[in-house]
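Chemist: The sequence and its predicted three-dimensional model are supplied below.
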Amino acid sequence: MEIKPTSIEGLLIIEPRVFKDDRGEFFESFNQVIFDKATDGKYHFVQDNQSISKKNVLRGLHFQKPPYAQGKLVRVIQGSVLDVAVDIRKDSITYGQYVSIELSAKNNKQFFIPPGFAHGFIALENDTIFAYKCTNYYAPNYEGTIRWNDPLLNIDWRNESCLVSEKDKIGLDFCNFVSDF
């Protein structure tokens, strides 16, 4: 398993070693010891979630406020997504900047997003299965949403005909957002 930093501190790309032969393939999708070395043992996962999305479904940009802030380790089991994490840590030099990465069942890449980031993704294929491990439990009263197509963030979703929930359509404009991080 190889863990690579991104252009924004804290965001990590995890690439497992995949063993392929004529029977199929095998890889270790998570190893706590290796993950602890990369994150100084700061994170412990307590909840796993999974969604299935049609092509062009966009979910995000979501986060949970302290004390229920969540870190997420995300991956795609079937299909593919463009995954995006936006830095919402107000004292960060990369505040308001984002990293995007394509995650797919073919490339087996994973993306670690620590607390202090808004997160979203768009499904690039029908029946995309997206799985994520969370460092805190879901707390609906502490949930926040930033508008996915906010012009200040200028995220390139590679698509203009996204299917978005009503909740995500009315997310906060980034210029009006006050970070708790």
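Modeler: Received, thanks.
Chemist: Which pLDDT value goes with the residue nearest in space to the middle of the chain?
Modeler: With distances taken as C-alpha atoms, centre = their mean, residue 119 lies nearest the centre of the chain, 4.8 Å away. At residue 119, the model reports a pLDDT of 98.
Chemist: What residues are bridge-paired with it?
Modeler: Taking DSSP bridges as the rule, residue 119 bridges to residue 62, residue 85.
Chemist: Wait, it touches residue 63, no?
Modeler: Yes - with contact defined as C-beta atoms under 8 Å, residue 119 reaches residue 63; the gap is 6.7 Å. To be clear about C-beta, it is placed using only N, CA and C from the backbone, and glycine gets the same treatment.
Chemist: Do you have the strands of the chain handy? List them.
Modeler: Per DSSP state E, the chain has strands spanning 2-5, 12-15, 18-21, 24-27, 47-53, 57-64, 72-78, 80-87, 98-104, 110-113, 117-123, 128-134, 143-145, 163-164. These are given in chain order.
Chemist: For the third one, buried residues please.
Modeler: Going by neighbour count (16 or more other C-beta atoms under 10 Å), nothing in strand 18-21 comes out as buried.
Chemist: quick one: strands adjacent to that strand?
Modeler: strand 24-27 (antiparallel).
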